[in-house]
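Q: Quick one, structure for this:
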Amino acid sequence: MYDESDVRVRPGKGTRPRTKTRPTHADASDAMVVSVDRGRWGCVIDNDPERLVVAMRARELGRTPIVVGDAVGIVGDVSGRVDALARIVRVDERRTVLRRTADDTDPYERVVVANADQLLIVVALADPPPRSGFVERAMVAAFVGGLRPVLCLTKDDLASSDEFAAVFADLDVPVVMVGRDRPLDELLAMITGKSSALIGHSGVGKSTLVNRLVPEAHRAVGIVSGVGKGRHTSTQSVSLHLPGGGWVIDTPGIRSFGLAHISPEDVVAAFSDLAVTIEDCPRGCTHLGPPADPECALDTLTGQQANRVAAVRLLLVAVMSNDSY
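A: So this is what the prediction gives:
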């Protein structure tokens, strides 16, 4: 209801209410997006999983993309009551971002998760057998987006991890065994207090791992992903609170991992000890070495750095392969 100060008189036009003053960004409560479902976002205020609020995107944001993990500002009804609806009026700059494209020719990149500290790449050592191409692509996306990749291996009771894990040893990527009969102490030490996204192909044991990390995961998914609709969509990510603190983000099953948005320079630049060296490469160098790049400056490196170059070139091949993973 408007008072006299809210009314503007226009001769011949009667009266109409003034436009209400919009809340400023300073008025907004800080929140983190934990789920997305058909134009509604589930947000937790001040990183508190008990303060879940459903929000819509404010009109002034237009079509600004908002994804799980985004830090946002919300106004309106932040009580969290059933049928309450707040508005997202601010999306903060992202610290990290995990992106992918549908394939290597798709010009449209999709932001999967924002502000995650780590990417847990879940791979089975057997049934299905591990696919190094998928792992390499996921690592590229993690390195370029500012996330720390962690290789989580399941079903180690069916096959040895030595040969597969050795491929990535020179990238300094942690390797953790997370088979269903193994304790998760090592992984929990890495992820407690942090935000960690999980990705993996169907059948590798990702859902089993999520349920072990968050014992009430099924119930939690129902709470944070309903966002007023009462239904979880498997095509969206959802962030779940870890009992010991921190968040684990369960992402949809990956059918393909395109890297159309990533260049060879992006990959090498993610490694500070190599980024300086490529400044001496000739124009157009793809950093693959001979015969494609006979004058690549990376070939001047020796010792442990040369080993890292060999490992990084596996990632470069993955970027350029155009294979479906």
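Q: low-confidence ranges in the stretch 151-300 of the chain?
A: Counting by pLDDT under 70, the ranges of the stretch 151-300 of the chain that qualify are 218-235, 253-256.
Q: Show me where it has its strands.
A: Ranges of strands in the stretch 151-300 of the chain, per DSSP state E, counting those that start in this stretch, are 175-177, 195-199, 238-241, 247-250.
Q: Give me the contacts around the second one.
A: Strand 195-199 is touched from outside by 69, 98, 112-113, 115-122, 138, 147, 150, 152, 190, 206, 209-210, 237, 239, 246-251, 254, with contacts defined as Cβ atoms under 8 Å, 6 or more residues apart in numbering. From N, CA and C alone the C-beta is placed, and that goes for glycine too.
Q: coming back round to it: for A142, which of the strands of the stretch 151-300 of the chain is the nearest?
A: Closest approach to A142 among the strands of the stretch 151-300 of the chain is made by strand 195-199 (8.9 Å; Cβ to Cβ).
Q: Name the strands paired with that closest one and say parallel or antiparallel.
A: As defined by DSSP bridges, the strand partners of strand 195-199 come to strand 118-124 (parallel), strand 247-250 (parallel).
Q: any idea of the mean pLDDT for stretch 135-144?
A: Averaged over stretch 135-144, pLDDT sits at 90.
Q: Please give the centre-to-centre distance between it and its chain.
A: Put simply, stretch 135-144 sits 11 Å off its chain's centre (Cα atoms, centre = their mean, to the nearest Å).
Q: neighbouring contacts of it?
A: Stretch 135-144 is contacted from outside by 98-100, 119, 121, 123, 148-149, 151, 168, 171, 173, 199, 257, 259, 262, 266-267, 270-271, 314-315, 317-319, 325, using Cβ under 8 Å, 6+ apart.
Q: can you rerun that using 6 Å?
A: Applying Cβ atoms under 6 Å, 6 or more residues apart in numbering, the contact partners of stretch 135-144 are 98, 119, 121, 149, 199, 257, 259, 262, 266-267, 270, 314-315, 318-319, 325.
Q: Of the residues you listed, select the buried ones using a PyMOL command.
A: Selecting only the buried entries of those in PyMOL, with 16 or more other Cβ atoms under 10 Å as the criterion:
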select buried, resi 98+119+121+149+199+257+259+262+267+270+314+315+318+319+325
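Q: Identify, from the contacts of stretch 135-144, the entry nearest to C281.
A: Nearest member of the contacts of stretch 135-144 to C281, counting by Cβ to Cβ, is V267, at 13.2 Å.
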